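Novice: Just need the structure, nothing else, for what follows:
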Amino acid sequence: MKVKAALILVLVIPFMPLAACRLSSFAFDIRHSGAVLEVGPDRLVVDELGLAGREQKLDITVTSTTRLVDSQRNPNASGTQDLFTEKTIALSDIKMGDFVVVEVSREGKRLVAESVMVTLRGSQK
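Specialist: Numbers count the residues shown, from 1 in each chain. Below is the predicted model of the structure:
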């Protein structure tokens, strides 16, 4: 039994740093949220409160495949299934001050938006 446990440790321990590295890169930078500081023809700059409340400005690339939606509370909701409504929007509909939730992937050092959801309009603050 001790030999079997030792063999498992010898085989597993060398690969643990690889697993931790892969998991952290997979879980890191998946979703960001914050106020829009800037909107360009193919990018957003988002002001996010990061780790330990530190402010970070994220430059996020928006592509033709990025899903852009405006999410609003549904006043006629009958339950949790239809509590919010989503409407497809254009990048030009996103304004400075809007609060967004952005799902991203990494392409090299770039953050590329998979989806951008406007959850609170800047004019509603």
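Novice: Look at residue 63 and give its secondary structure.
Specialist: coil (DSSP: H, G, I helix; E, B strand; the rest coil).
Novice: Just want the phi and psi numbers for it.
Specialist: phi -110, psi 180 (degrees, to the nearest 10).
Novice: How many neighbouring residues does it have?
Specialist: 11 (other CB atoms under 10 Å). C-betas here are computed from N, CA, C, even on glycine.
Novice: Okay, now the unreliable bits of this protein?
Specialist: Low-confidence regions of the chain, defined by pLDDT under 70, span residues 1-29, 123-125.
Novice: Helices of the protein, residue ranges please.
Specialist: Applying DSSP state H to the chain gives helices spanning 2-12, 16-27.
Novice: Contacts only, for the residue positioned nearest the centre of the chain.
Specialist: Centroid-nearest residue in the chain: residue 31, 1.8 Å away (criterion: CA atoms, centre = their mean). Counting by CB atoms under 8 Å, 6 or more residues apart in numbering, residue 31 touches 101-104.
Novice: Perfect, that will be all.
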